[in-house]
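Asker: Sequence and predicted structure are below.
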Amino acid sequence: MKYSMKRQFVFIFILLITSTILLCLLANSTLLEKYYINNKKNVLIKSYASINAASNAGDITSELYDIELQKIRDKYNINVLVLDSDSKMVKTTMIDQEFAIKHLLNNIFYGVNKEDILVDCKNYMIQIVTDGRTQTEYIEMWGMLDNGYFFILRSALESIQESVSISNRFMAYVGCIAIVVSILLVIGLANRITKPIMELAGISERMKHLDFNAKYTGNDRTEIAILGHNINEMSEALESTISELKTANNQLLKDIEKKDQIDEMRREFLSNVSHELKTPIALIQGYAEGLREGINDDAESREFYCDVIIDEAAKMNIMVRKLLTLNQLESGSEVVSMERFDITALIRNYISSSDILLKERDISVRMEDYEAIYVWGDEFKVEEVFMNYFTNAIHYAQGENIIDVKLRSTDQQVRISVFNTGAPIPQDSIGHIWEKFYKVDKARTREYGGSGIGLSIVKAIVESMNQKYGVVNYENGVEFWFTLDIA
């Protein structure tokens, strides 16, 4: 990533530590010498106070105070020379005592260069001098004690410039090592910080594409972990909300589709009903007018007119009842009552009740001696399905005039089929026979009073029980079938 936080974090950290080291080097080069000299100056003043106090107490000449002077020399690297008013040596830690006495007396009687003076007080002066013999710089304090003794305190500056140079080189080496170590540490630290951030970025990217399976897995208690857990909760909330929206949207689409279907069914229904009722209404109207006008005065003609009117009214009544049944099934207002019953007994009972009609048409029914087969379904509606199949078989049976009823059962379902001999259904009509008011042979359907609604009712009933149905053409006839779940 061009603008990676990891890179920025590493760069800023390196810049800070490098700047810190450079600032230390600069401060070391410019301020260390001044600090060193100021520290030496304070040490000289402290030593002067100790010597002056011992002189005032008369202890300066004691051997016990020699130990104190030895401590001052060893601890602060300060050499001491004390002369009495007669220029005789009282105490000293100087190696070259004669040179030290001469140098002190020269300072007292001839003065010093004002430019080298650091502190000028009533009883002493502090100055920086260079030893002409060794070219060594010293910081020294000289003057008079309270009891009139002369003194000089001297400490070598130990070539402070060289010390600063060595200190700077050492700091540079340490700084380079510190930078390398810091880079390694900060890279590790940056990885630890940016890894969960990148994980959160990946999760948000997947959420953008509506993938809510990714979850933050960190277990620490940092701010990033809190953010991760909040994102997890937000992901679950979004998933739930989107799921609810999709469910509502899906239901809305179904409702719209259902409304369109209902509107189309309503238009189709009105068109078909008006078409189907037109003929019987016209017949009833015509024969009724004939009766009123007395076209035929004989009793036989009037009876025939009345029979036609009654017959057409009965057909209209049957069609209206079937339409009401179909409308209830298709609208879903008809409750399907699932019961356990013997399908074999139901079929045998219905065939027995149709015995008179079968004999009138000289139709033979074949059905094996099946054992009781218990199924799940709405017994009344299943009987209506079989009735439609069987009635159609009676009306369309030809040739050998045989109706063959079969029950083929498996572990889970039974397939009930009704076959009748006769002419097969034209291939172009197979896909339309389940539509309302569709008639393959309109003349024949009209002959026995069919309305073209029966198979539509079959379709609605079987689908309401989530079962299957169909038709199979044979050379010598047609077979209609439907399935039921075995109980």
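Answerer: Yep, it's here.
Asker: what's the burial count for Val418?
Answerer: Using other CB atoms under 10 Å, Val418 has 25 neighbouring residues. Bear in mind the C-beta positions are built from the backbone N, C-alpha and C, glycine included.
Asker: Am I right that it falls within a helix?
Answerer: No - using DSSP: H, G, I helix; E, B strand; the rest coil, the secondary structure at Val418 is strand, not a helix.
Asker: Do I have it right that it meets Phe386?
Answerer: Yes - with contacts defined as CB atoms under 8 Å, Val418 counts as touching Phe386 at a distance of 7.3 Å.
Asker: what about Arg7, distance to Ser50?
Answerer: As judged by CB to CB, to the nearest Å, Arg7 and Ser50 stand 60 Å apart.
Asker: With Ile12 instead?
Answerer: From Ile12 to Ser50 the distance is 52 Å (CB to CB).
Asker: Would you map the strands across the stretch 201-350 of the chain?
Answerer: With DSSP state E, counting those that start in this stretch as the criterion, the stretch 201-350 of the chain has strands at 339-342.
Asker: Low-confidence bits of it, can you list those?
Answerer: 212, 220, 265-266, 268-280, 295-297, 312, 315-316, 318-335 (pLDDT under 70).
Asker: what do you get if the cut-off is 80, keeping everything else the same?
Answerer: Under the criterion pLDDT under 80, the flagged ranges of the stretch 201-350 of the chain are 201-229, 231-233, 235-236, 238-239, 242-243, 258-305, 307-309, 311-337.
Asker: now the stretch 1-150 of the chain
Answerer: Within the stretch 1-150 of the chain, the stretches with pLDDT under 80 are 1-11, 13, 25, 27-33, 56-66, 85, 110-116, 131-136.
Asker: you'd agree Met338 is up against Ser464?
Answerer: No - counting by CB under 8 Å, Ser464 is not a contact partner of Met338; they are 10.4 Å apart.
Asker: Looking only at neighbour counts, state which of the two leads.
Answerer: With neighbours defined as other CB under 10 Å, Met338 and Ser464 compare such that Ser464 has more, 17 against 12.
Asker: Could you measure from that one over to Val336?
Answerer: From Ser464 over to Val336 the distance is 5 Å, taken as CB to CB.
Asker: go on, Ser165?
Answerer: Ser165 sits 103 Å away from Val336, going by CB to CB.
Asker: Need the overlap of contacts for Met338 and Ser464.
Answerer: Asp378 (CB atoms under 8 Å, 6 or more residues apart in numbering).
Asker: still on that earlier bit, spit out the residues that contact Ser464 and Val336 alike.
Answerer: Common neighbours of Ser464 and Val336 (criterion: CB under 8 Å, 6+ apart): 378, 381.
Asker: on that earlier part again, and Ile12 and Ser50? Which one has more around it.
Answerer: The neighbour comparison of Ile12 against Ser50 (other CB under 10 Å) goes to Ser50, with 15 against 11.
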